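**Student:** quick one: sequence plus predicted model below, questions after.
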Amino acid sequence: MSGQERHIVVGVDGSPSSVRALAWAIREGRRTGGTVDAICAWQYPATYGWAMTGAEPGIGELSMETLEKAIAEVGAAAEDKVTIRLHAVRQDPAQALIEAAGGADLLVVGTRGHGGFAGTLLGSVSQRCLHHAPCPVVVVRGQDG
C-alpha cells in the first residue's frame, strides 16, 4: 500500500513493547504520509463498597504524559510526513483499540516481549485485538522476540 495515505491506530501503555509498536506505526505513517492515532486507555478495576467518581486525580493527565513520553522516546518530529494524534481514553484498553480501529486501515499493538516459550504467547489486549479488530492487525514483538 505504499504511496497512499493510511489511518493507523496504535495502543500505547508506556511499556517497551508498546513504544516499539508506536515506532513501527510512525514509520509506516511516514512511509504513507498517513495519520497515527496513539491511544492510551485505562479502566478502573471493579470495587466493592467504594464507587469511582470519574474525577480521580491524575489518571487522564498521566495517560497523556505516557503518550508524550513515548512520542519523545521514538523521536517523532513535527516535520515528519505523519500526523500523530494522542488520545487518553477511560475504557477497557482492548475495547478502546477495537472501537478506534473502526474505519482505520491498520491497528498496531505490542506484546509482552518475553523470550523463549513465553514469547510465543500474546497478552490479553493483543489477543482480543487480533480476534475482534475490524481491520488488519500488526503485532510488534518485544525486544526479546
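**Tutor:** Good, I have the coordinates.

**Student:** all contacts plus neighbour counts: C-alpha atoms, from now on.
**Tutor:** Will do.

**Student:** pLDDT value on residue 29, please?
**Tutor:** According to the prediction, residue 29 has pLDDT 92.

**Student:** can you give me the distance of it to residue 16?
**Tutor:** Residue 29 is 20 Å from residue 16, where distance means CA to CA, to the nearest Å.

**Student:** those two: who's more crowded?
**Tutor:** The residue with more neighbours, out of residue 29 and residue 16, is residue 29; 23 against 17, by other CA atoms under 10 Å.

**Student:** quick one: residues contacting residue 37.
**Tutor:** 7-10, 84-87 (CA atoms under 8 Å, 6 or more residues apart in numbering).

**Student:** quick one, which of those residues are buried?
**Tutor:** The neighbour-count test (16 or more other CA atoms under 10 Å) marks 7-10, 84, 86-87 as buried among these.

**Student:** could I get those residues as JSON lines with distance to residue 133?
**Tutor:** Output for the buried ones among the contacts of residue 37, formatted as JSON lines (distance: CA to CA, whole Å):
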{"residue": "7", "distance to residue 133": "14"}
{"residue": "8", "distance to residue 133": "12"}
{"residue": "9", "distance to residue 133": "11"}
{"residue": "10", "distance to residue 133": "12"}
{"residue": "84", "distance to residue 133": "21"}
{"residue": "86", "distance to residue 133": "20"}
{"residue": "87", "distance to residue 133": "18"}
